[in-house]
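Trainee: can you look at this prediction? I've put the sequence above it.
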Amino acid sequence: MGLLALGLLGLSPTLTLSLLAFGLAVLTALKLREARRIEERRVVALLQLVCAGLLAALRPELGPSLLQGLAILLALAGLLALELGAGPDWKVLLRRSLQVLLAALPIALVLFLLLPRMMPFGTLGWGQGMGAVTGLSDSMEPGAIARLAVSRQPAARVAFPAGGGPPPMDQRYWRVLVHDLFDGRSWRSTTPRDVLRPPGPSTTPYPPAGPEEGLQLWLTEASGLAAVPWSGQGRPLSPELRQRRNGELLSRAAGSQRRVYSLTDSPTTDDWRRQPPGLIDLALPWGENPRLQSLAAGWQRLGSGRARLEAAERWFRDQPFRYTLEPGPLPRRAPLDHFLFETRLGFCGHYASAFTTLMRAAGVPARVVSGYRGGQWVQPLGGTGYVDLRQADAHAWSEVWLEGEGWHRVDPTAWAAGDPLANGAAAASRQAGSGPWNWLQRQWWGLDVAWARWWLGYDSERQDAVISRLLGPHRQWLGVVVLLAVGVSLAAGLGGLGWLGRRRRGDPLRVELERTLRVLARQGVEPQPGETLPAFARRLEQLRPPLADPLSAFVALYQSHRFAPVPGRNGRREAQRLGRALRRSLRGGIRRGEAIQRDSS
Amino acid sequence: MDFGRPQEGERVRLRMRNLYILPTRFGWLWLAGTVLLQVVGIQMQSNGPLLLSFLMLSLFLLALHLTHFNLQGVELWCGSPTPGFADGPLPYPIHLRCPGRSEGVRLRLGREAAGPALALAAGEHELILCWTPPGRGLHRPGVLQVQTTAPLGLFCCWSRWRPAASQLVYPARRAGPVRLLASATGPLAGESVVISPREGSEDWRDLAPHRPQDSPSRLAWKLLAQGRGEYSKHFRDLPEAAPLLAPDPALPLEEALEHLSERIWRFHGQGEGYGLEIPGQSLPAARGVGHRDQCLAALACCR
């Protein structure tokens, strides 16, 4: 129960499934308290298992998974203790529980790996919640923030397992949300109805990555958002992903939990960039920021969007803008005018908001994009390298529509003095922190990425690939193969348990003695009722004088260790050695006897 | 699980044909939990609940065989049951031979509650089970149910066998009036045919040199006064006449037999001799365990 309680700690209490897990854990604890009969205690063990299963859905990371595994092992040990009715020798019970688990695991793995998966029955929204954890939000109002706190909480990790590497630092823009609705102060996202590339019927999988395409494996922390980060290039591979026309990548998986998904790492497939803008990308509340509109009106005379963009860049670079996390609040009336012409202090949200508004006012379709910028490349001691993104890497930039080019990324923050990314590696190093704790954390995350790659990344897509590789064109035999594999695994598990059962029969000294007695019985020599071992040995010595030495040594050792307070490991080994020697002598005797019989006949 | 055709005979070997196995109520609950986790796994497209549900299903399949293996090949045969009284549970010996280790084995005889779970190592075992007889006479103890739910409690595997060896049940011992017929004055029959006179205080028998531990009251004062030395007087009691016990005709036969049973048990405990006279059988007065058992057996079989 303690392990389950530990697993519950990180859950958000606003989620349906979390509430179910909480309720089940409380129910288990109450049942454990009042359970007296064996049937009631069995139910407690089952409740623990189900609770561990719910936690496995909510916390699939490496650490919690280890805790859940341990809880399952203990629940099984409890069940065994109930059935065996013996005193609770936990060491024995845990060993037995592990043996039973290992015997059952091959069947479970066969079913897990090969049994075709069903798609979700519908959107029950078990994991949808109200809470948001990351630094990103679907609305952005930089003017209302006087001071932006820097959070070092992990946000996401992206690995390139197919061998590719991360893009250069100045190209690391990981987009999440597109804010295209502006009310003069805040930017919001439109409702995601316009899916660019829906996977046909929801059950149709994406085509797998081609041999020339790289792979991006993403692992994001809980965010509460449907949109997930990506580089804007490549094509989704995981079936729960959908891509919007504005370049947002949406996940059907609950935002309240960690999400793992994969994309191809190909720079050419970015269809969303060529989706033409709508009226919404030019919409502005006119008269809200008159000085801004007046400045932008001057650029409208320039012929192309490119020229207007360059004019805006020149203007920004000429002004004494400075990046700061403590810009102070902007007034409610004409906030962008105040920022552009008075304070000129702000963080990424201020620059992206002001620049995008300027572009719209100049007649260039534009929008704000929020996501992450930069991230540190980590190469753990073993496993795949990854880019580590923290909440401190959260960033906002702009996208403008240029005729003939499509949507073009512009980061006006980079034009301001003091932009943290301008210092490049030094800034990244400061950001990531150092010291043994950070080093250990990154190594653990490396393991976590490997875990995500092999365990969480095993989705229906990967399963399909495995089945295709295994069966090739004979896919119609999958049912037979699964049945056969289950049968073989079951037989292997039972055989293994039987072998272990024979091994643990009695103590090793007794086993040695019984083996020797069986060999003797086959030769017609058996102890008489009431005959002690030394007396039997003396009688045997008279019958078989050549056995005298090994026999007396074995009996002396057996006697001394049998009646010693605690038979030592060395004594057992010695008894095993002597027992083997004695049996060899006996069998040699049989063979010699048979040879003599043959000769005489 | 309390159904299935019981096996008959002195000895039974448990195998596929006479072993039954079904999921327990907990087993069905386990399956329901498996389905629940499967649904959660599918709905959330999460590998953890999916693998756990498959693991639980595998354990279910594995437990089916492991539970069956606990009893498969076990051989049972009757011991020699000793007679007992109808006033309490009777011990009934059962022998088992296990081909391997059998865990969580519970045995139940007749309508008694099942005993504790036993872990039996490979080899022969003698177990004493208790059962409550319905009354006096020669009875078979009813159906022996041997069952196990080990190792996980998901399945119950059981078999039923009616042991052939009968057990003699004496009437319950209940104190009450019995009829005492004419005393037997002759030497008592039985294992001590001649009952020696016992040391006592009734009849003077002999003189012997006085020992310090002898009571001064036994000192032969007259001889001492005559100067013939210190002698002690030794006395003896003549044996009492052993009663011949018979059922009280004023009582129902069963009740009268129970009174006789108690009286015989008491007389035997006190070392006294007795005879028995019941309808169809008469046993002369005697003493000893053999005589007691003979009398009690006569009571058990009295019609």
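Mentor: Here it is on my side, so go on. Residues are numbered from 1 along each chain as shown, chains lettered A, B, ... in the order given.
Trainee: just name the shakiest helix or strand of the chain by mean pLDDT.
Mentor: In the absence of a named chain, this looks at chain A. Taking mean pLDDT, DSSP states H and E as the measure, chain A has helix A:425-432 as its least confident helix or strand, at a mean of 48.
Trainee: actually, chain B is the one I wanted.
Mentor: strand B:198-209 (a mean of 64).
Trainee: that one: what's the following helix or strand?
Mentor: As assigned by DSSP states H and E, the chain's next helix or strand after strand B:198-209 is helix B:221-225.
Trainee: and the very next helix or strand once past that next one, what does it pack onto?
Mentor: Going down the chain from helix B:221-225, the next helix or strand is strand B:231-237, by DSSP H and E. Secondary-structure packing of strand B:231-237 (3 or more C-beta pairs under 8 Å, 6 or more residues apart in numbering or on different chains; DSSP states H and E): strand B:198-209. Yep, even glycine has a C-beta here, placed from its N, CA and C like the rest.
Trainee: which residue is nearest the middle of the chain?
Mentor: You didn't say which chain, so I picked chain A. A:A452 (3.5 Å; C-alpha atoms, centre = their mean).
Trainee: nope, chain B please
Mentor: Central residue of chain B (C-alpha atoms, centre = their mean): B:P91, at 2.6 Å.
Trainee: and B:P81, how many neighbours?
Mentor: Neighbour count of B:P81, defined by other C-beta atoms under 10 Å in any protein chain shown: 23.
Trainee: same deal with B:L64?
Mentor: 18.
Trainee: after the helix or strand where it lies, which helix or strand is next?
Mentor: Element membership for B:L64, per DSSP H and E: helix B:47-71. Proceeding N to C from helix B:47-71, the next assigned helix or strand is strand B:75-78, under DSSP H and E.
Trainee: same for that next one, what does it pack against?
Mentor: Partner elements for strand B:75-78 (3+ C-beta pairs under 8 Å, 6+ apart): strand B:11-13, strand B:90-98, strand B:155-163.
Trainee: sorry, back to before: pretty sure the residue nearest to the centre of chain B sits against B:C130.
Mentor: Yes - if you go by C-beta atoms under 8 Å, B:P91 and B:C130 touch, sitting 5.9 Å apart.
Trainee: quick check: neighbours shared by those two?
Mentor: Here B:P91 and B:C130 have no joint contacts, going by C-beta atoms under 8 Å, 6 or more residues apart in numbering or on different chains.
Trainee: list the buried residues for stretch B:138-151?
Mentor: B:139-151 (16 or more other C-beta atoms under 10 Å in any protein chain shown).
Trainee: neighbours around B:C157, how many?
Mentor: By the measure other C-beta under 10 Å, the count of residues near B:C157 is 25.
Trainee: does A:A222 count as helix, strand or coil?
Mentor: What DSSP: H, G, I helix; E, B strand; the rest coil gives for A:A222 is coil.
Trainee: ok, the closest residue to chain A within chain B to A:L66 distance?
Mentor: Of all residues in chain B, B:G48 sits closest to chain A, at 2.5 Å by C-beta to the nearest C-beta. Distance, B:G48 to A:L66, using C-beta to C-beta, to the nearest Å: 12 Å.
Trainee: to A:L181, which of the helices and strands packed on strand B:75-78 lies closest?
Mentor: Ranking the helices and strands packed on strand B:75-78 by proximity to A:L181 (C-beta to C-beta) places strand B:155-163 first, at 61.5 Å.
Trainee: domains in the chain, as residue ranges please.
Mentor: Because you didn't say which chain, this covers chain A. Domain assignment for chain A, taken from automatic domain parsing, gives A:2-88, A:139-456, A:508-600.
Trainee: oops, chain B please
Mentor: B:7-168, B:179-195+B:241-301, B:198-237.
Trainee: and those, which one is worst for confidence?
Mentor: Lowest mean pLDDT of the domains of chain B: domain B:198-237, a mean of 76.
Trainee: list the buried residues for that domain?
Mentor: Result for domain B:198-237 [16+ other C-beta under 10 Å]: buried residues B:210, B:214, B:220, B:231-233, B:236.
Trainee: what about A:G418, neighbour count?
Mentor: 13.
Trainee: what's near enough to touch the closest residue to it other than its chain neighbours?
Mentor: Once flanking residues are discounted, A:G418 sits nearest to A:Y323: 3.9 Å by C-beta to C-beta, 6 or more residues apart in numbering or on different chains. For A:Y323, the contacting residues are A:346-347, A:413, A:416-420, by C-beta under 8 Å, 6+ apart.
Trainee: try 7 Å this time
Mentor: Counting by C-beta atoms under 7 Å, 6 or more residues apart in numbering or on different chains, A:Y323 makes contact with A:347, A:413, A:416-419.
Trainee: and the pLDDT for the closest residue to chain B within the stretch 51-200 of chain A?
Mentor: The minimum distance from the stretch 51-200 of chain A to chain B, using C-beta to the nearest C-beta, falls at A:A56 (2.5 Å). Per-residue confidence at A:A56 stands at 88 (pLDDT).
Trainee: is it in a helix, a strand, or coil?
Mentor: Of the three states, A:A56 takes helix under three-state DSSP.
Trainee: what sits against it?
Mentor: A:65, A:68, B:46, B:48-49, B:52.
Trainee: most surrounded residue in the residues you listed?
Mentor: B:L52 (29 neighbours).
Trainee: any idea how far that one is from B:S58?
Mentor: From B:L52 to B:S58 the distance is 10 Å (C-beta to C-beta).
Trainee: confirm B:I128 sits in a strand?
Mentor: Yes - assigned with three-state DSSP, B:I128 falls within a strand.
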